[in-house]
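Participant: Give me a model of this one.
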Amino acid sequence: MAVALIVAAGSGERLGSERPKAFVALGGRPMVEWSVEALRAVPGVDEIVVALPPGESAPDGTVAAPGGEVRSGSVRAALAAAGDGDPVVVHDAARPLAPPDLFARALAELEQHPCEGAVAAAPVTDTVKEADDRRVVRRTLERDRLWAVQTPQAFRRPALERALDVDDDVLAAATDDAWLVERMGGTVRVVPAPRENLKVTTALDLKVAELLLGERA
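Facilitator: This is a model prediction of the structure:
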């Protein structure tokens, strides 16, 4: 059976909130609870662990873990607090609209292919250019091969454990857990994500999420 880790330790500073972001109200309930609800609807997910900021409590029916100083540190702490479930799904509470189907497809990708990870991602639709330190464009990247990576991200547990067993400075440099698996030689596949799987970072993002929730009703 799978175990799910929800990263909920981030601050609400960019959101303009004094409370940690995952505990800001969305649709009349703490944001993190939307991810918990979605994961409970995913077949095969047997345990949910939430990495928390100081002073906050885990949602009912989940396991609490202390958040780390950096994101991947929170993932490492949550994995240590989990049972022996395999595979492992990692998700950011800041993506509260991820549907159960997206989690299920990431897990299915692991089951159906010889890979160590499967990550939700959206095809890049903007033109992407690489610039130097003086903001002079040096090249235009081939857009057809670019994906904007999100969460959830599903991993075979041994691969994730090895990837997280690194020095703190490596964890601090990680922008996502898939990068840590990749640097260990693991194969990671992408799973197309719906447009609604937005990341709530600013007050505008929160308003958009509220509108999308309203459309679900």
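Participant: shaky segments in the chain?
Facilitator: 217 (pLDDT under 70).
Participant: can you give me the helices for it?
Facilitator: Assigned by DSSP state H, the chain shows helices spanning 32-40, 71-81, 100-112, 157-164, 168-173, 177-183, 203-216.
Participant: which residue packs closest to V63, ignoring adjacent ones?
Facilitator: Once flanking residues are discounted, V63 sits nearest to V49: 4.4 Å by C-beta to C-beta, 6 or more residues apart in numbering. For the C-beta atoms, the positions are set from N, CA and C on the backbone; glycine is no exception.
Participant: now G83
Facilitator: Nearest to G83 is E47, by C-beta to C-beta, 6+ apart, at 5.5 Å.
Participant: Quick check: buried residues in stretch 100-107?
Facilitator: L102, F103, A104, R105, A106, L107 (16 or more other C-beta atoms under 10 Å).
Participant: Next, find the distance separating the first one from V191.
Facilitator: This points to L102. Here the criterion is C-beta to C-beta, to the nearest Å. By it, L102 lies 7 Å from V191.
Participant: Need the overlap of contacts for these two.
Facilitator: Jointly contacting L102 and V191 under the rule C-beta atoms under 8 Å, 6 or more residues apart in numbering are A120.
Participant: ok, the residue lying closest to L39 once chain neighbours are set aside - contacts?
Facilitator: Computed as C-beta to C-beta, 6+ apart, the closest residue to L39 that is not its neighbour in sequence is A4, at 4.8 Å. Going by C-beta under 8 Å, 6+ apart, A4 touches L39, V42, V45, E47, I48, V49, V88, V89, V90, H91, F103.
Participant: Next, the contact list for the last one, please.
Facilitator: Applying C-beta under 8 Å, 6+ apart, one finds that F103 lies in contact with A4, A38, L39, V42, V45, V89, H91, P152, A154.
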